[in-house]
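Engineer: sequence first, then the predicted structure:
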Amino acid sequence: MRRFGYLGLCLVAAVCAAKGERYTATWDSLVNYEAPEWYEDAKLGFWPIWGVFSVPAFKGDHAAEWYGRWMYCKEGQSSRNNQGLATHFYHKQTYGDPGTFGYKDLIPKWKAERFDPDSWADLCVEGGAKFFCTLAVFHDSFCLWDSDLTEWNSVDMGPQRDIVKELGDAMRKRGLKYGVSNHSAWNYGFFQWNHINGYDARDPANQDLYGNPIIPEEARTAIIKEGEDRVEWLKRSRWNLKPSERDLDRWLERTKEVTDKYHPDLHYFDWGMNPDTFTSRRMEFAAHYYNKAMEWGGSFEDPGVVLNYKNWKTFKPGTGVRDFERGGMRELADMVWQTDDSIYDGNNWGYAEGVPIKPTDMIVDQLMDVISKRGVLMLAIAPKADGTFPEDQKQFIRELGAWLKVCGEAVYCTRPYEIYGEVSDTWYDKDDHGHLKFEGQPDDIRFTRSKDNTVLYATFLAWPGEQAVIKTFAGADLKGVKSISLLGRKGKLDWDITEQGLHIMLPEKAPEYGMAYPVRIEFEDQIISSIKK
């Protein structure tokens, strides 16, 4: 049976090749990509931020997952009021000087002794996720799979387990699509202060972990001088290390390896591959990935996989799926896109003790906003070093899943309406970190619809009271409405249409689920247009 399956895949590949329907590393070829329907149906995925950095689990003044960068910095070498120094001092106090106890020495301490892939998968299913993306390699270049290309991997060191494979097997067994995230392109810059300050990155034995960047002479004295503008310094210093050819080749080889070994349905890339020096290799990998996906059962123009990129200059429109970190589209898009965000506020993504997580209704409001504009939400969660999730995160995931169990009809397998919704005056308010607060008001409504275009869902992001008004349909002819109901409550709702909008009589009390309230409007035929002729 396995031999037949392999021969079948080879036959598919041969037929495609014979027809000339193979992707090449050119934009003209890659633009023949189309995002898969499963992805646009899924709407929600979970993404654990987990790795060597989970051992210290120290956020300091920035982010726990950036521990390996900031532990090596000195006074004046980190932006935003020396945000990295707290991590540097914590490391010295806890583990010793970075010159004697480097990032590499944290690896044996990461044992993942309570890691249970099946329990992770069960939790994700309970939370309503339809896909799962594992962090396969972070900026630190420590691979969480059984790599043949480097000894710095989770099978030969640390947990001594093939985390990518184990999670993939568990998720796919439960019907979830499975992806990997790849942050290793910026490895050459992540350990910037390790290289500049002459710590353990100078040892050739460690270069396969810390990278082999080209260090300009001015970078060796990269200190913020008194009175110097930090923002301008950051713009210069962030990219003052350049990737060597070895760094570029290593990124491509390992990226191909994790793809070829584990057949991910989604490959997410962080912004590290944005520089022009990566362009030819970005294109080469995209062609490689799409062609491999055709061998796995996809087809030309519909390979069935997702490639996420972060910057509009990185990939040509239509050659992959654009991702927005803690952001998103403000208008309805003509192609599916993705928001990646964290269960934490601020800059932090990895687990750190005592750091509060976001309220569940905030994520629900964000989810509805994202999908109303044809987006998908990939939500980062943060396990502890031992492989368990904190209780507050498990409760969050279960609350989200409970809401989706009742209201998922307005989420899964839907498509955007011709307008994405009605927006309150405060929706675009931002917090102290410059991120949207996602605090829906009673006049915040987001629209989704069934794929057959017969049911419209108008989701109120806060309870509007006993009478809800949808101004979008002011004065419209709604004779074709078959019924209006509230998800989670039995029975039809009374309604009326006036010059002010569609008035819907709601129950005296809000449903018990208490987050974002989808009103289901079913039509006899097709949903009417709200656009005034």
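Structural biologist: Alright, I've got the coordinates.
Engineer: so which residues of the stretch 401-533 of the chain form strands?
Structural biologist: Counting by DSSP state E, counting those that start in this stretch, the stretch 401-533 of the chain has strands at residues 414-415, 421-422, 445-450, 455-460, 467-470, 481-486, 495-498, 501-505, 517-523.
Engineer: with distance to Asp140 as new columns, can the ones you listed be given to me in TSV?
Structural biologist: In short, each C-beta sits where N, CA and C put it, glycine included. Below are these laid out as TSV (distance: least, CB to CB, whole Å):
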stretch	distance to Asp140
strand 414-415	38
strand 421-422	40
strand 445-450	38
strand 455-460	40
strand 467-470	49
strand 481-486	48
strand 495-498	56
strand 501-505	52
strand 517-523	42
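Engineer: compare the ones you listed and give me the one nearest Glu391.
Structural biologist: Glu391 sits nearest to strand 517-523 of all the strands of the stretch 401-533 of the chain, at 27.7 Å, using CB to CB.
Engineer: mind listing the strands the closest one pairs with, and their directions?
Structural biologist: Applying DSSP bridges to the sheet, strand 517-523 is found paired with strand 455-460 (antiparallel), strand 481-486 (antiparallel).
Engineer: how far away is the nearest residue to Leu266 once chain neighbours are set aside from Thr134?
Structural biologist: Once flanking residues are discounted, Leu266 sits nearest to Gly179: 2.9 Å by CB to CB, 6 or more residues apart in numbering. Remark: distance between Gly179 and Thr134 (CB to CB, to the nearest Å) = 7 Å.
Engineer: ok, His195 next?
Structural biologist: Relative to Thr134, and taking CB to CB, His195 is found at 28 Å.
Engineer: between those two, who's got more neighbours?
Structural biologist: The neighbour comparison of His195 against Thr134 (other CB atoms under 10 Å) goes to Thr134, with 26 against 22.
Engineer: which SS class is the more buried one?
Structural biologist: Here Thr134 is strand, with the state taken from DSSP: H, G, I helix; E, B strand; the rest coil.
Engineer: measure stretch 510-522 end to end?
Structural biologist: Terminal residues of stretch 510-522 are spaced 21 Å apart (CA to CA, to the nearest Å).
Engineer: quick one: average pLDDT of that stretch?
Structural biologist: Mean per-residue pLDDT for stretch 510-522: 96.
Engineer: need the contact partners of that stretch.
Structural biologist: Contacts with stretch 510-522, where a contact means CB atoms under 8 Å, 6 or more residues apart in numbering, come from 360-361, 364-365, 368, 402-403, 406-407, 409-410, 440, 454-464, 468, 481-489, 493, 504, 527.
Engineer: for the residue nearest to Leu266, helix, strand, or coil?
Structural biologist: Looking at Gly179 with three-state DSSP, the answer is strand.
Engineer: residue contacts, it?
Structural biologist: Taking CB under 8 Å, 6+ apart, one finds 45, 131-134, 264-268, 306 in contact with Gly179.
Engineer: for those, work out which two are farthest apart.
Structural biologist: Longest span within the contacts of Gly179, CB to CB: Thr134 and Val306, 14.4 Å.
Engineer: give me the three-state assignment for the residue nearest the centre of the chain.
Structural biologist: Central residue of the chain (CA atoms, centre = their mean): Asp340, 3.3 Å from the mean position. Per three-state DSSP, the secondary structure class of Asp340 is strand.
Engineer: against Thr314, how distant is the closest residue to it other than its chain neighbours?
Structural biologist: Ranked by CB to CB, 6+ apart and with sequence neighbours excluded, the top spatial neighbour of Asp340 is Met378, at 4.6 Å. Going from Met378 to Thr314 by CB to CB gives 17 Å.
Engineer: more neighbours: these two, which one.
Structural biologist: Met378 (24 against 19).
Engineer: whichever strand or helix holds that one pairs with which strands, parallel or anti?
Structural biologist: In the assignment (DSSP states H and E), Met378 maps to strand 375-381. In the sheet, strand 375-381 lines up against strand 44-48 (parallel), strand 337-342 (parallel) (DSSP bridges).
Engineer: gap between that strand and the chain center?
Structural biologist: 5 Å (CA atoms, centre = their mean, to the nearest Å).
Engineer: swap in stretch 260-267?
Structural biologist: On CA atoms, centre = their mean, the centre of stretch 260-267 falls 16 Å from that of its chain.
Engineer: one more: stretch 469-483?
Structural biologist: 36 Å.
Engineer: which residues are contacting that stretch?
Structural biologist: So stretch 469-483 is contacted by 419, 422, 445, 447, 458, 492, 495, 497-504, 520-526, 528, 530 (CB under 8 Å, 6+ apart).
Engineer: for ChimeraX, write the selection for the buried entries among those.
Structural biologist: Selection of buried members from the contacts of stretch 469-483 for ChimeraX, criterion 16 or more other CB atoms under 10 Å:
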select :422,445,447,458,495,497,501,502,504,520,521,522,523,528,530
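Engineer: hang on, the earlier thing: looking at the strands paired with strand 375-381, which is buried most?
Structural biologist: strand 44-48 (a mean of 25; mean count of other CB atoms under 10 Å).
Engineer: who touches the helix or strand encompassing Val364?
Structural biologist: Per DSSP H and E: Val364 is located in helix 360-372. By CB under 8 Å, 6+ apart, the surrounding residues in contact with helix 360-372 are 43-44, 328, 332, 339, 341, 343, 376-377, 379, 396, 399-400, 403, 410-411, 414, 416-417, 420-421, 427, 436-440, 444, 446-448, 459, 461, 514-516.
Engineer: show me how this structure divides into domains.
Structural biologist: Using automatic domain parsing, the domains assigned to the chain come out as 2-53+112-189+242-413, 68-106+191-237, 421-523.
Engineer: turn these into CSV, columns for distance to Asp61.
Structural biologist: As requested, those are exported to CSV (distance: least, CB to CB, whole Å):
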stretch, distance to Asp61
domain 2-53+112-189+242-413, 9
domain 68-106+191-237, 4
domain 421-523, 12
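Engineer: so which of the ones you listed comes closest to Lys59?
Structural biologist: Across the domains of the chain, closest to Lys59 is domain 2-53+112-189+242-413 (CB to CB), at 3.9 Å.
Engineer: and that closest one, average pLDDT?
Structural biologist: 94.
Engineer: and what of stretch 467-483?
Structural biologist: Across stretch 467-483, pLDDT averages out at 95.
Engineer: residues of it that come out buried?
Structural biologist: Buried, per 16+ other CB under 10 Å, within stretch 467-483: 468-470, 472-473, 476, 481.
Engineer: who's in contact with Phe315?
Structural biologist: 30, 282, 286, 307, 309, 322.
Engineer: helix or strand for it, which one?
Structural biologist: Judged by DSSP H and E, Phe315 forms part of no helix or strand.
Engineer: and the strands paired with strand 517-523 as CSV, adding distance to Asn348?
Structural biologist: As requested, the strands paired with strand 517-523 are exported to CSV (distance: least, CB to CB, whole Å):
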stretch, distance to Asn348
strand 455-460, 29
strand 481-486, 37
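Engineer: isn't Tyr457 up against Arg415?
Structural biologist: No. Here Tyr457 lies out of contact with Arg415, judged by CB atoms under 8 Å, at a distance of 10.7 Å.
Engineer: more crowded one of those two?
Structural biologist: Tyr457 (23 against 15).
Engineer: excluding its backbone neighbours, what's nearest the more buried one?
Structural biologist: Ala410 (3.7 Å).
Engineer: from Ala35, how far out is the one you found?
Structural biologist: Ala410 is 21 Å from Ala35, by CB to CB.
Engineer: show me where the stretch 251-400 of the chain has helices.
Structural biologist: 279-295, 360-372, 391-407 (DSSP state H, counting those that start in this stretch).
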